[in-house]
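below is the sequence, then the predicted model.
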Amino acid sequence: MCFEERGRKRNGWLLALAGSLLIWICPGCDRGPVEFSSNDVYSLVLAKETGLSSEPSEAMGLATADVLELVEDLFGTPDQPEWPDRLVADQRLSGLLDWSQVSRAAGPVYSDKQGLQFGLYREHCNACHGVNGDGRGPVAALQNPYPRDYRAGIFKFQSTSRGMAPRRQDLLRTIRHGLPGTAMPSFQLLDEADCLALVDYVIYLSIRGEVERRLLAFTAREMDYGNNVGSGSHGDRWLRPMERAQEEELAAEQLEMIDAQMIPVLERWAASLTDELPGEPLVVDSIPASTPELIAAGKQLFHGALANCYSCHGDGGDGVTALPLDFDDWTKEWTTRMGLDPRDKEALADFFAVGALRPKGLPARALTRGVFRGGDSPSELYLRLLNGIPGTPMPAINLVEEAGPSGLTRLQVWSLVHYVRSLSQQETQVTATLQASPAMQGEEG
């Protein structure tokens with residue numbers, strides 16, 4: 001039995017097991033009532049950072065509950081998503097999402113008399129990404145890497161510059177094609193309209209999650225919850241201003257504070273979704289043909305100090321290096337950036353108690369395998385090099401007009417693309433040779 005056939009059988013067994021577990025763990029993921037839960041891991045990060053964790057235990061708990069209630073006032077519930085009322089008049093911000101699509105993707109799973117499907121997110125995404133979009137659905141712990149947490153607004157594979165939100169077509173591509181080498185499947189068989197509805201709902205979850213994070217950070221750092229514990233006054237300055245404020249002046253002040261956290265998130269998404277991007281647009285020029293000379297130039301850059309690709313991906317591009325195992329930014333936020341070792345279970349016990357998943361290392365891609373999660377076409381790899389991979393140690397390239405020590409030219413980036421693609425082609429040739437050998441052909445399994 002060849003290695004490929006063994007792999008197919010193993011993957012089939014794992015998929016069957018995952019399917020069985022999904023039925024067992026989540027037989028009624030679409031059954032209500034369903035509510036958003038608070039971002040407790042990030043709340044604990046803020047509590048430890050600001051010292052609220054050493055205050056009476058209810059201090060950050062009250063702040064977190066207040067913010068969750070406020071975010072529900074702004075963005076609704078999983079069954080009834082909403083948009084902040086006072087933004088409706090702002091066409092640029094109110095038009096970010098197609099609310100007929102968001103509403104169709106939200107809520108429980110059912111179909112109408114015309115056969116139109118509703119509850120698309122819970123049907124196709126909830127088991128892995130969770131109701132909150134936090135990447136902690138019922139089967140998330142079984143996966144490596146874990147499903148994406150949308151709430152920080154960071155997506156790995158996008159055509160926009162690092163720090164920008166992705167475009168709709170970036171998210172659509174991931175949904176349509178999946179991410180090879182991960183549990184994220186392809187939804188090629190799903191109707192285009194259904195995929196677009198899921199894109200809008202993922203954007204909604206991300207905006208909601210980003211606003212929640214900013215409000216949590218503002219509340220922990222600026223609001224005096226620690227001194228208000230037990231006084232009953234913790235909500236007087238902050239929460240539900242439309243309902244609790246007794247004076248118009250106080251209400252206006254609170255709305256201004258809320259907008260200061262919310263509007264930057266919406267404007268960031270508006271720039272990408274309406275193509276109002278700052279600086280030079282990231283376009284893929286005509287692709288130069290792959291030649292031995294261009295591949296040789298890419299090899300030199302790969303192993304040189306300027307691009308320095310080999311230090312992470314290994315001399316042979318196989319991902320084997322002496323560097324210690326790294327982690328993604330979602331994990332670093334509550335481990336290394338807090339001065340905690342991701343391998344120290346005892347030190348991380350508080351975070352596990354509020355739902356954090358066990359840290360899993362982030363090895364550099366073995367380029368020789370030819371498995372590129374964001375796509376393996378020359379244009380996709382070009383953008384990957386240009387933008388880096390947000391949320392990971394993979395940096396963006398500094399694009400320059402003339403070759404020099406400060407960055408790479410477009411042609412140099414293309415030379416790296418063709419060299420990287422040649423590595424996987426070499427591996428394919430070696431594998432084909434091994435499979436054709438008498439020893440491999442005679443192997444029984």
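Good, I have the coordinates. Numbering: from 1, shown residues only.

check what pLDDT Cys26 gets.
Confidence at Cys26, expressed as pLDDT, is 51.

likewise Asp315?
93.

contact partners for it?
Applying C-beta atoms under 8 Å, 6 or more residues apart in numbering, we find Asp315 in contact with His303. C-betas here are computed from N, CA, C, even on glycine.

and it, its phi and psi?
Backbone torsions of Asp315, given as degrees, to the nearest 10, read phi -60, psi -40.

tell me which helix or strand Ser103 sits in.
Assigned by DSSP states H and E, Ser103 belongs to helix 99-105.

now the end-to-end length of stretch 339-354.
From the first residue to the last, stretch 339-354 extends over 18 Å; the measure is C-alpha to C-alpha, to the nearest Å.

so which residues of the stretch 51-200 of the chain form strands?
110-111, 117-118 (DSSP state E, counting those that start in this stretch).

hang on, the earlier thing: off-centre distance for the helix holding Ser103?
In terms of C-alpha atoms, centre = their mean, to the nearest Å, the centre of helix 99-105 is found 21 Å from the chain centre.

ditto for stretch 194-202
Distance, stretch centre to chain centre, for stretch 194-202: 15 Å (C-alpha atoms, centre = their mean).

now do the contacts for Met262.
Residues in contact with Met262 (C-beta under 8 Å, 6+ apart) are Leu74, Pro84, Val211, Arg214, Leu215.

distance of it relative to Arg92?
According to C-beta to C-beta, to the nearest Å, Met262 and Arg92 sit 14 Å apart.

what comes up buried for stretch 325-338?
Under the neighbour-count criterion of 16 or more other C-beta atoms under 10 Å, stretch 325-338 has Asp326, Phe327, Asp328, Trp330, Thr331, Lys332, Trp334, Thr335 buried.

reformat those as a markdown table; add secondary structure.
As requested, these are exported to a markdown table (DSSP: H, G, I helix; E, B strand; the rest coil):
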| residue | secondary structure |
| --- | --- |
| Asp326 | coil |
| Phe327 | coil |
| Asp328 | coil |
| Trp330 | helix |
| Thr331 | helix |
| Lys332 | helix |
| Trp334 | coil |
| Thr335 | coil |
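
of all these, which two lie farthest apart?
Asp326 and Trp334 (15.5 Å; C-beta to C-beta).

could you check the pLDDT of Asn1?
Rather than Asn, residue 1 is Met. 40.

His177 contacts Met184, correct?
No - using C-beta atoms under 8 Å, His177 makes no contact with Met184, being 9.3 Å away.

how close does the closest residue to Gly130 other than its chain neighbours sit to Trp269?
Nearest residue to Gly130, sequence neighbours excluded (C-beta to C-beta, 6 or more residues apart in numbering): Gly137, at 4.1 Å. According to C-beta to C-beta, Gly137 stands 24 Å off from Trp269.

run a quick neighbour tally on Gly374.
Using other C-beta atoms under 10 Å, Gly374 has 21 neighbouring residues.

now do the contacts for the closest residue in space to it that isn't next to it in sequence.
Computed as C-beta to C-beta, 6+ apart, the closest residue to Gly374 that is not its neighbour in sequence is Phe157, at 3.4 Å. Shown in contact with Phe157 (C-beta under 8 Å, 6+ apart): Pro166, Asp170, Arg173, Thr174, Leu179, Arg373, Gly374, Gly375, Arg384, Ile389.
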